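J.: Could you look at this predicted model? Sequence included:
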Amino acid sequence: MLTGLQPLRWTMFAMASIVWASCSPSASHTNVTKAAIVRHVSPHYAHGFDWNVLADSTYLITLFNLESPGDTLQVIHWKPRRIERIASLSTTHIPFIHALGKMNILKGVGFADRTLDVVAKELFNQGELVNLTTGNELEPEVVFAINPELLFVYPFGGKSYDKFLSNGIGCIQVSEYLEVHPLGRAEWIRLFGCLLGEQERADSIFRSIEEPYLKLRDSLAASVTIRPTVFAGSMDGDRWAVPSANSYLATLMRDAGGSYIFNDTSATGNLVLPFESFYAAASKAAFWGKIIYETAPTSADVITQGDERLRALPAFRDKHVFVCNAMQKDYHGQALLEPARMLQDLHNIFSYNDSITSPYYFHCWAHYD
């Protein structure tokens, strides 16, 4: 729970028509009778939100705590209206806003200098999009200067947003990064559409994302006869951090035709394994995947982090390492809306056909010396 939102504390902001609460699931529909609910909207893949359409044409939106299943982060009583100024603490929200044609109302973004979105870069360079952060810290004064009607935030790190709420800035806690299904992350565009008055457009965009992903996934499931073993992760001190089987990346690799070696695991975040345990499992894998953050990677040390033992792994020895460089490709942003493209990249790699089409997000590593 965010420290800035106390249990069952309700505050009404007349301007934004938002009710904020941090409460138990049973409290999420407080003061709303069943008769007032006209329609319930439940996502198909996402688990972090849903909403009810009420008889007075307002929405009761519930945001769930994906790190603590069963808990509610926030309840918003939303009266649809024209929104003219928004801001976001994360560049990962930009693709949703961009796809909905709302970049003109985006006035500030955290880490704006690091965005890979072309339009956002141009707006930032022209001074029309303000950076909300200095170093790794949010600058409240900058937020107040922008005075957004809505500020999209993330519910982690024990941050308090009371200072914004008490000044009439509605804070929306977005946790798309915790969704384990690729289509679950993409489906958050429907929440952005609900809040920004673009619900039909958002639903249409999501369908255009969902259909090709499912078509490709199902086609691969029916045609793939040999599933190569694959692992992902990197060193974390003297231990190894790997995605659990119920993670976003593991789901992508399975749907692409791979067999994930840690398929019997489950965790909210990464698994952290002793090096010996990891190495024993990785020694049986044909492929190794890694997300890197490099301006110009040119050596094997980017993959092995200087640990010579990793060069002996079959995936490295046989040159079956694949990467996505998140400093060059928007893995944490635009890729959320292009899961089928990632799926195709991975399938081409796993089937040794990566030269058939030009890889976009994931490509085979070239530097083994």
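T.: Done, it's in.
J.: all strands for the stretch 1-150 of the chain, in order.
T.: 11-13, 18-20, 37-41, 49-54, 59-64, 72-78, 86-88, 106-109, 130-131, 133-134, 137-138, 150-153 (DSSP state E, counting those that start in this stretch).
J.: and the ones you listed as a markdown table, adding distance to residue 244 and mean pLDDT?
T.: Any C-beta I mention is one placed from the backbone N, CA and C, and that applies to glycine too. Output for the strands of the stretch 1-150 of the chain, formatted as a markdown table (distance: least, C-beta to C-beta, whole Å; pLDDT from 0 to 100):
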| stretch | distance to residue 244 | mean pLDDT |
| --- | --- | --- |
| strand 11-13 | 37 | 28 |
| strand 18-20 | 32 | 45 |
| strand 37-41 | 29 | 93 |
| strand 49-54 | 22 | 96 |
| strand 59-64 | 19 | 96 |
| strand 72-78 | 22 | 94 |
| strand 86-88 | 28 | 98 |
| strand 106-109 | 30 | 98 |
| strand 130-131 | 34 | 97 |
| strand 133-134 | 30 | 93 |
| strand 137-138 | 30 | 90 |
| strand 150-153 | 26 | 96 |
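J.: For those strands, give me a markdown table that also has distance to residue 221 and mean neighbour count.
T.: Formatted as a markdown table, the strands of the stretch 1-150 of the chain follow (distance: least, C-beta to C-beta, whole Å; neighbours: other C-beta atoms under 10 Å):
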| stretch | distance to residue 221 | mean neighbour count |
| --- | --- | --- |
| strand 11-13 | 48 | 13 |
| strand 18-20 | 43 | 22 |
| strand 37-41 | 29 | 12 |
| strand 49-54 | 28 | 20 |
| strand 59-64 | 29 | 21 |
| strand 72-78 | 34 | 22 |
| strand 86-88 | 36 | 25 |
| strand 106-109 | 38 | 25 |
| strand 130-131 | 44 | 17 |
| strand 133-134 | 42 | 13 |
| strand 137-138 | 43 | 13 |
| strand 150-153 | 35 | 23 |
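J.: Mind checking the ones you listed for the one nearest to residue 343?
T.: Ranking the strands of the stretch 1-150 of the chain by their distance to residue 343 (criterion: C-beta to C-beta) puts strand 49-54 first, at 24.2 Å.
J.: Strand partners (parallel or antiparallel) of that closest one?
T.: Sheet pairing of strand 49-54 (DSSP bridges) gives strand 37-41 (antiparallel), strand 59-64 (antiparallel).
J.: will you turn the ones you listed into a markdown table that also has distance to residue 123?
T.: Compiled in a markdown table, those are given as follows (distance: least, C-beta to C-beta, whole Å):
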| stretch | distance to residue 123 |
| --- | --- |
| strand 37-41 | 31 |
| strand 59-64 | 27 |
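J.: follow-up on the earlier one: residue 259 is nearest to which of the strands of the stretch 1-150 of the chain?
T.: Across these, residue 259 has its closest neighbour in strand 59-64 (31.1 Å, C-beta to C-beta).
J.: From the chain's centroid, how far away is the closest one?
T.: What separates the centre of strand 59-64 from the centre of its chain is 19 Å, taken as C-alpha atoms, centre = their mean, to the nearest Å.
J.: Repeat that for stretch 343-363.
T.: 22 Å.
J.: That stretch - what's its average pLDDT?
T.: In this model, stretch 343-363 carries a mean pLDDT of 86.
J.: Tell me where this protein has helices.
T.: For the chain, the helices defined by DSSP state H cover 94-99, 118-125, 140-146, 162-165, 182-186, 189-195, 199-223, 248-255, 275-282, 301-304, 314-317, 339-350.
J.: Could you dump those into TSV and include mean neighbour count and distance to residue 67?
T.: Below are the helices of the chain laid out as TSV (neighbours: other C-beta atoms under 10 Å; distance: least, C-beta to C-beta, whole Å):
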stretch	mean neighbour count	distance to residue 67
helix 94-99	23	21
helix 118-125	15	28
helix 140-146	15	25
helix 162-165	17	21
helix 182-186	24	15
helix 189-195	24	18
helix 199-223	15	24
helix 248-255	23	15
helix 275-282	16	24
helix 301-304	18	30
helix 314-317	17	31
helix 339-350	24	22
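J.: can you list those helices in TSV and add distance to residue 176?
T.: Listed next are the helices of the chain as TSV, based on distance: least, C-beta to C-beta, whole Å:
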stretch	distance to residue 176
helix 94-99	8
helix 118-125	17
helix 140-146	21
helix 162-165	20
helix 182-186	5
helix 189-195	9
helix 199-223	13
helix 248-255	10
helix 275-282	28
helix 301-304	28
helix 314-317	30
helix 339-350	12
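J.: nearest to residue 365, of those?
T.: Nearest of the helices of the chain to residue 365, taken as C-beta to C-beta: helix 301-304 at 6.2 Å.
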